[in-house]
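Participant: can't give you the sequence, but here's the structure:
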């Protein structure tokens, strides 16, 4: 048995399929089956129940735990010797919400890969709550997310405070309020409340999204039931609909600036709200992470690019 055997086994276990695992490994299914059979022969037991989808046997689950631990230690060893030799190699798995990935990652990854060309970056897109669970399970090395409470096993570092704004097309406001449009906009700015927008249609993110929750909270404070024309999980699509005057849209300010052109933004009113609706975006990683050095380098580059004048 060798590391390659174990790597193949883990891939089959993750994919629950010899076919999909072989495709990801760029080998034939026959070769992969032979590798798994050799492990089973050496251990004297079956590791998989041959059904669709593939499932681990009791013995397979035990071996899976050892294989995962061995794989992690192997990567840790590679990382440490890479640091000693000055030729860093490895893989950094970063979990981030799609909204922030779109706004932040292109510039950061370009700089990071230029400085550390032998480090592979795997981006995992998901909601904040799911990213936290994936971090605790060791499925990602670094999360860039809205961690609201501290966790014993997790090291955190503040990144930036994210502001949710409300965008409304000026044309839509004129259609709804006519000659009163300037007074309505001024009232929202002064009071920092959405109360005057009761007649306005809304384009809303889902309740699992932070911006969606904050938007619903602000509407609830205003005391009316919103006319939600579109609800969805892709804030980029909602912003494009907002630019077409189909409704008002709550969005992280950083994403609106990344998605919409200056021309589009010039045709919109952008409303801001009290700072108690802002929230911290934090870097978070396991305290015992084998990728500590890679994480540190990534954070240093990110902060330099995002905060430099």
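Facilitator: That came through fine. Being a predicted model, the structure only gives us computed values, none of them experimental. Numbering: from 1, shown residues only.

Participant: so which residues make contact with stretch 255-272?
Facilitator: Contacts with stretch 255-272, where a contact means CB atoms under 8 Å, 6 or more residues apart in numbering, come from 99-100, 102-103, 163, 165-171, 173, 185, 188-189, 192, 194, 235-236, 239-240, 242-243, 253. For glycine as for every other residue, the C-beta is placed from the backbone atoms N, C-alpha and C.

Participant: for those residues, which PyMOL command selects only the ones that are buried?
Facilitator: Buried subset of the contacts of stretch 255-272, written as a PyMOL selection, criterion 16 or more other CB atoms under 10 Å:
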select buried, resi 99+100+102+103+163+165+166+167+168+169+173+185+188+194+235+236+239+240+242+243+253
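
Participant: which ones among the contacts of stretch 255-272 map onto helices?
Facilitator: If you go by DSSP state H, the contacts of stretch 255-272 have 99-100, 102-103, 170-171, 173, 185, 188-189, 235-236, 239-240, 242-243, 253 in helices.

Participant: for the stretch 201-309 of the chain, which spans come out with low pLDDT?
Facilitator: Within the stretch 201-309 of the chain, the segments meeting pLDDT under 70 span 307-309.

Participant: the stretch 51-200 of the chain now?
Facilitator: Residue ranges of the stretch 51-200 of the chain with pLDDT under 70: 75-89.

Participant: just the helices in the protein please.
Facilitator: So, for the chain - with DSSP H - the helices run 3-15, 18-25, 29-43, 58-85, 98-115, 128-136, 170-177, 181-191, 210-222, 235-243, 253-259, 262-266, 292-307.

Participant: for residue 51, which of these is the nearest?
Facilitator: Residue 51 sits nearest to helix 18-25 of all the helices of the chain, at 11.9 Å, using CB to CB.

Participant: now for the closest one, which elements pack on it?
Facilitator: For helix 18-25, the elements it packs on are helix 3-15, helix 29-43, judged by 3 or more CB pairs under 8 Å, 6 or more residues apart in numbering; DSSP states H and E.

Participant: just those helices: most buried one?
Facilitator: Most buried of those, by mean neighbour count (mean count of other CB atoms under 10 Å): helix 3-15, with a mean of 18.

Participant: quick revisit: which one of the helices of the chain lies closest to residue 198?
Facilitator: Short answer: helix 210-222, nearest of those by CB to CB, at 7.2 Å.

Participant: hmm, who's touching the closest one?
Facilitator: 99, 128, 146, 162, 164, 166, 193-195, 197-198, 202, 204-207, 226, 235, 250-252, 273, 277, 279.

Participant: stretch 231-241 too?
Facilitator: Stretch 231-241 has contacts (CB under 8 Å, 6+ apart) with 98-99, 102, 167, 203-206, 209, 211, 230, 247, 249, 251-252, 255-256, 259-260.

Participant: the same query, at a cut-off of 10 Å, please.
Facilitator: Stretch 231-241 is touched from outside by 97-99, 102, 127, 167, 169, 202-209, 211-212, 229-230, 242, 246-247, 249-252, 255-256, 258-260, 264, 268, with contacts defined as CB atoms under 10 Å, 6 or more residues apart in numbering.

Participant: now do stretch 14-21
Facilitator: 8-13, 22-25, 27, 29-30, 32-33, 36, 48, 50-56, 64.

Participant: try 6 Å this time
Facilitator: Residues outside stretch 14-21 that contact it (CB atoms under 6 Å, 6 or more residues apart in numbering) are 11, 12, 29, 32, 33, 53, 54.

Participant: just the pLDDT for the first one.
Facilitator: This points to residue 11. pLDDT recorded at residue 11 is 89.

Participant: and it, how close does it get to residue 250?
Facilitator: According to CB to CB, to the nearest Å, residue 11 stands 41 Å off from residue 250.

Participant: ok, the fifth one next?
Facilitator: From residue 33 across to residue 250, the span is 51 Å (CB to CB).

Participant: same question for the fourth one.
Facilitator: When distance is defined by CB to CB, residue 32 is 48 Å away from residue 250.
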